[in-house]
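Engineer: here are the coordinates; sequence isn't available:
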């Protein structure tokens, strides 16, 4: 439970309660059951000459980051904007291109992820968290300089705050800034050396993630970088949860596990209420996780089959209703090209969604979905 997948095909997803009768809190949206989902256009974001690609994060400008294969099957971190895929480079000084993944993009276009870097002992390479900006290029975060310890960056905001995970002894969730360096994030009395990670950071400096608490329960939490306050999130059954994404109001999505070990997608509201997001009305899909949330409380995630060999199904949750993502693609011909939209991983405030899908039998293509105007029937692309 110490690391998120660092590269995945859509096929890899095949392996693996409260109701919404809520009082509205001041300044924060609440599910109301009133908003129908939009129809969407969808585009394959391409690759660098290989076959597979993942899209991980999108900002409100419609810029997307992820990773895509080149002809040598190296997976390269990319930035997609205005229809162009750009390789963000590598931390390896001996190569122009190298394996890495861009996981998060901020409102102002700063990026965080990981790249392979030279090992300090001179033998091989290891993963290092990176921060990327237009002016500075790729910067090695390296929260444990001089050690053979891997690190990963999962989130970044416009202030240049980077969050992620350090592996190894004394590792765990971290927050990094150029000015302040590395701050380790630990729940009160949490055991040292038992891992955990910081998954996301909002533009308002709120961080979410998960780690073992003082009772050795693996639980989600929220950290306020302005005050230093850290609090454990509640749960719907067992004290076992994951906090995947947080919006600017401090509302969190992820999963919570029931006593029967069923993983359920949930939304933690800023007043502590937990909303069980339920499952799609598809037989035998009864595990799931929420991956992304925007400031309007639109949530994306995936539900899993109760067995092996069946891909996960991506969904969009709005105002108490869950919609299978693939059914929202308006153009029937384009919808048929996508066998499944298995893993929507992020959604921005314009309702644009990015993730990983199976397209014409290829088990791992990066997609971007964009809402259509209400009077549109279908669209062929981004004209």
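Structural biologist: Ah, there it is. Worth saying up front: this structure is predicted, and the values here are computed from it rather than measured. Numbers count the residues shown, from 1 in each chain.
Engineer: for residue 251, see how far away residue 294 is.
Structural biologist: Remark: distance between residue 294 and residue 251 (C-beta to C-beta, to the nearest Å) = 10 Å. C-beta coordinates here come from the backbone N, C-alpha and C atoms, glycine included.
Engineer: in stretch 162-180, what counts as buried?
Structural biologist: Within stretch 162-180, the residues that count as buried by 16 or more other C-beta atoms under 10 Å are 162, 163, 164, 165, 166, 167, 171, 172, 173, 174, 175, 176.
Engineer: now the terminal residues of that stretch, how far apart.
Structural biologist: End-to-end distance for stretch 162-180, by C-alpha to C-alpha, to the nearest Å: 11 Å.
Engineer: picking that back up, more neighbours: which of residue 294 and residue 251?
Structural biologist: Neighbour count, other C-beta atoms under 10 Å: between residue 294 and residue 251, residue 251 has more, with 28 against 23.
Engineer: return the item of the buried residues of stretch 162-180 having minimum pLDDT.
Structural biologist: pLDDT across the buried residues of stretch 162-180 is lowest for residue 171, at 90.
Engineer: give me the nearest residue to that one, chain neighbours excluded.
Structural biologist: residue 195 (6.2 Å; C-beta to C-beta, 6 or more residues apart in numbering).
Engineer: who are the contact partners of the residue most central in space within the chain?
Structural biologist: Most central in the chain under C-alpha atoms, centre = their mean is residue 345, positioned 4.8 Å from the mean C-alpha point. Residues near residue 345 by C-beta atoms under 8 Å, 6 or more residues apart in numbering: 54, 55, 56, 57, 291, 292, 300, 354, 355, 356.
Engineer: over to residue 157?
Structural biologist: Residues in contact with residue 157 (C-beta under 8 Å, 6+ apart) are 106, 107, 110, 201, 202, 203, 205.
Engineer: what's the helix or strand for the residue nearest to the centre of the chain?
Structural biologist: According to DSSP states H and E, residue 345 maps onto strand 338-347.
Engineer: for that strand, what is the distance to the chain centroid?
Structural biologist: Mean-position distance between strand 338-347 and its chain equals 12 Å (C-alpha atoms, centre = their mean, to the nearest Å).
Engineer: quick one: name whatever helix or strand follows that strand.
Structural biologist: strand 353-359.
Engineer: setting aside sequence neighbours, what's the nearest residue to residue 267?
Structural biologist: residue 275 (4.2 Å).
Engineer: and that neighbour, what element?
Structural biologist: strand 274-276.
Engineer: one more: residue 334?
Structural biologist: Using DSSP H and E, residue 334 sits in helix 332-337.
Engineer: in the stretch 1-150 of the chain, where is pLDDT below threshold?
Structural biologist: Where the stretch 1-150 of the chain drops to pLDDT under 70, the residues are 1-34.
Engineer: so where do the strands sit in it?
Structural biologist: 40-44, 53-58, 64-69, 75-81, 84-87, 100-105, 111-118, 125-133, 137-140 (DSSP state E, counting those that start in this stretch).
Engineer: using JSON lines, please lay out the ones you listed together with distance to residue 186 and mean neighbour count.
Structural biologist: Shown next, in JSON lines, are these (distance: least, C-beta to C-beta, whole Å; neighbours: other C-beta atoms under 10 Å):
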{"stretch": "strand 40-44", "distance to residue 186": "41", "mean neighbour count": "21"}
{"stretch": "strand 53-58", "distance to residue 186": "26", "mean neighbour count": "28"}
{"stretch": "strand 64-69", "distance to residue 186": "28", "mean neighbour count": "27"}
{"stretch": "strand 75-81", "distance to residue 186": "29", "mean neighbour count": "24"}
{"stretch": "strand 84-87", "distance to residue 186": "36", "mean neighbour count": "14"}
{"stretch": "strand 100-105", "distance to residue 186": "22", "mean neighbour count": "28"}
{"stretch": "strand 111-118", "distance to residue 186": "21", "mean neighbour count": "25"}
{"stretch": "strand 125-133", "distance to residue 186": "18", "mean neighbour count": "23"}
{"stretch": "strand 137-140", "distance to residue 186": "24", "mean neighbour count": "16"}
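Engineer: among those, which comes closest to residue 191?
Structural biologist: Closest approach to residue 191 among these is made by strand 125-133 (22.9 Å; C-beta to C-beta).
Engineer: just how off-centre is that closest one within its chain?
Structural biologist: In terms of C-alpha atoms, centre = their mean, the centre of strand 125-133 is set 17 Å apart from its chain centre.
Engineer: list the helices and strands that strand packs on?
Structural biologist: Counting contacts by 3 or more C-beta pairs under 8 Å, 6 or more residues apart in numbering; DSSP states H and E, strand 125-133 is packed against strand 111-118, strand 137-140, strand 151-156, strand 162-166.
Engineer: now tabulate those strands in CSV and tack on distance to residue 330.
Structural biologist: Putting the helices and strands packed on strand 125-133 into CSV (distance: least, C-beta to C-beta, whole Å) gives the following:
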stretch, distance to residue 330
strand 111-118, 31
strand 137-140, 38
strand 151-156, 32
strand 162-166, 36
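Engineer: among the ones you listed, which is nearest residue 180?
Structural biologist: Per C-beta to C-beta, nearest to residue 180 of these: strand 162-166, 11.0 Å.
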